[in-house]
Structure formats: C-alpha cells, structure tokens
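Participant: how does the following fold in three dimensions:
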Amino acid sequence: MNRQACLDAGINYDEGVARFVGNAEMYEHFLNEFLSDPTFALLDTAMGEKNMSSAFQAAHTLKGVTGNLSMDRLYQKLVALTDALRGAGDLPQAESLFPAVKTEYQHICTFLTAQK
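Facilitator: Residues are numbered from 1 along each chain as shown. As a prediction, the model looks like this:
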C-alpha cells in the first residue's frame with residue numbers, strides 16, 4: 001500500500017504499522033478488513049432512528065477501531081460525534097456532525113477499495 005496515498009486519505013500509515021509491531025502486512029490486512037466491519041451501518045441506522053444510546057455505542061466502537069488503525073481524520077470526527085452523544089447527549093449537535101463522519105467514512109472506504 002502506498003504510504004503517501006494513505007496519508008492523503010487520512011490514514012497515518014507509519015503510526016498504524018507501528019501499532020502492529022512493525023508488521024505492515026498485518027496492518028494492511030486489518031485496513032482491508034475495515035471494509036467489512038458492520039459498525040458504521042449500525043451508527044447510520046441509529047442516527048436515522050435518533051437512537052442516541054445505540055448511536056453512542058456504535059460511534060464509540062468505531063472510534064476505537066479507527067484509532068487503532070490510525071485513520072486520523074475519521075477518528076477525530078468520531079471523537080466529536082461520540083462526545084456529542086455521550087450521556088444525555090446533544091442530538092442536534094450529533095446530527096450536525098454526522099454528515100462529516102459519513103463523508104469521511106465513505107472516502108476511506110473508496111480509498112481502501114481502490115487499493116485492493
């Protein structure tokens with residue numbers, strides 16, 4: 001996988017490989033596995049249903065996954081969304097943040113699909 005292309009897509013390749021103890025092949029495998037992770041679909045559904053509890057769970061899970069994979073831009077957007085959904089939550093704030101999360105998620109998926 002091209003390091004610079006990853007950086008351009010919002011993925012910190014070097015940090016990601018380091019998280020996988022220097023094993024680039026394993027890191028790239030898990031980047032590709034991200035495409036089949038169902039968590040974003042759960043988040044999208046929960047946001048559509050205005051189910052803040054389910055949306056928080058999905059956003060928090062996805063935040064962890066993207067953090068571990070060093071998907072920095074998507075991770076940062078999920079931090080803000082998770083914070084908006086935390087506790088009693090702020091649905092209007094979460095709804096205003098979600099389109100940027102969705103766009104970034106789609107951007108990363110498009111990038112990863114093109115790398116196969």
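
Participant: following the lowest-mean-pLDDT helix or strand in the chain, which helix or strand comes up?
Facilitator: None of the helices or strands of the chain scores lower by mean pLDDT, DSSP states H and E than helix 3-8, at a mean of 94. The element immediately downstream of helix 3-8 (helix or strand, assigned by DSSP states H and E) is helix 13-19.

Participant: quick one on the thing from earlier: which residues touch the least confident helix or strand of the chain?
Facilitator: 12-14, 16, 111, 115 (CB atoms under 8 Å, 6 or more residues apart in numbering). (C-beta placed from N, C-alpha, C; glycine too.)

Participant: now neighbour count, pLDDT and distance to Glu33 too, for these, in CSV please.
Facilitator: Listed next are the contacts of helix 3-8 as CSV, based on neighbours: other CB atoms under 10 Å; pLDDT from 0 to 100; distance: CB to CB, whole Å:
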residue, neighbour count, pLDDT, distance to Glu33
Asn12, 18, 97, 18
Tyr13, 20, 97, 16
Asp14, 13, 97, 20
Gly16, 21, 97, 13
Phe111, 17, 97, 15
Gln115, 14, 92, 13
